[in-house]
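In: fold the following.
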Amino acid sequence: ASVAACKAEAAFAEKRREVLALLGQPDEDGAVAGGNGDAFALASVLAKLVALSDDDVLRVLAIVMAETLEAGSAVIEALGNHLNVDMSACWQADDAFFELLRDREIANLMLADIGGKPVADGNVSEKVKTQKKIIRDFLAGENGREKVDAWLPRWMKFPAQSYTNRGGFRTADQWARVQP
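Out: Numbering: from 1, shown residues only. The predicted structure is shown next:
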């Protein structure tokens, strides 16, 4: 529900509908990419593409790429860094994010990012629930906390970063492999 309701998903869905209309596809909520190896369907799409302007073909290509590139892959990390993507324009921490945040060490490191090291150090032994509440307070500017705008967890930045040295964060590992 969280992803489906985000601004970026709504904007992408609109662009996808435009491309589906260009291709004369009746299912305005379907994917542009896909298929089942149906040669006739592929030939029909090719016929539509040939009739389009170069700009429209590039619009179709952009949607196909967006639908098929794997999130967290080396290609996405390279593109995100090259294009200077700032996810804070279309994402903010929501209930789903906080429900999934269960690691005390990571919550404390996030608190340091948002509220500063003194605040994090003062709450290092607090339960995750308490630290998440303080993070929420900073993000909302409530309970005497100065509002922090456009915060992103390190995971969602370009380049993606881990909060710990435990390893196993595939996206950061992918970036390490392709960074210039």
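In: and Q161, how far from A140?
Out: 25 Å (CB to CB, to the nearest Å). For every residue, glycine as well, the C-beta is placed using N, CA and C.
In: SS state for D29?
Out: coil (DSSP: H, G, I helix; E, B strand; the rest coil).
In: count the neighbours of it for me.
Out: 8 (other CB atoms under 10 Å).
In: also T171?
Out: Quick note: T171 (other CB under 10 Å) scores 20 neighbours.
In: quick one: mean pLDDT for the host helix or strand of it?
Out: Element membership for T171 (DSSP states H and E) is helix 170-178. Throughout helix 170-178, pLDDT has a mean value of 85.
In: ok, now stretch 93-103?
Out: 95.
In: name the residues of it that are buried.
Out: 93, 98, 101 (16 or more other CB atoms under 10 Å).
In: and which of those is nearest V57?
Out: The closest of those to V57 turns out to be A93 (CB to CB; 37.9 Å).
In: that closest one touches W151, doesn't it?
Out: Yes - between A93 and W151 there is a contact under CB atoms under 8 Å: 7.2 Å.
In: what's the overlap in contacts for the two?
Out: L139 (CB atoms under 8 Å, 6 or more residues apart in numbering).
In: surely A150 touches M87?
Out: No - A150 lies out of contact with M87 (CB under 8 Å); the separation is 9.5 Å.
In: so between these two, which is more surrounded?
Out: Counted by other CB under 10 Å, A150 and M87 do not tie: M87 has more neighbours, with 16 against 10.
In: number of nearby residues for the nearest residue to that one once chain neighbours are set aside?
Out: Excluding the flanking residues, the one nearest M87 by CB to CB, 6 or more residues apart in numbering is M156, at 4.8 Å. M156 has 18 neighbours, counted by other CB under 10 Å.
In: confidence score at M156?
Out: 92.
In: any idea how far it is from G80?
Out: Separation of M156 from G80 (CB to CB): 10 Å.
In: just D173 next, same as before
Out: Distance of D173 to G80, given as CB to CB: 15 Å.
In: in the protein, which residue sits furthest out from the middle?
Out: Each residue of the chain has a distance to the centre, and by CA atoms, centre = their mean the biggest one is for F40: 34.9 Å.
In: which residues touch D137?
Out: D137 sits in contact with 143-145, where contact means CB under 8 Å, 6+ apart.
In: give me the pLDDT value at the nearest residue to V178 once chain neighbours are set aside.
Out: Nearest residue to V178 in three dimensions, chain neighbours excluded: A74, at 4.6 Å (CB to CB, 6+ apart). pLDDT for A74: 87.
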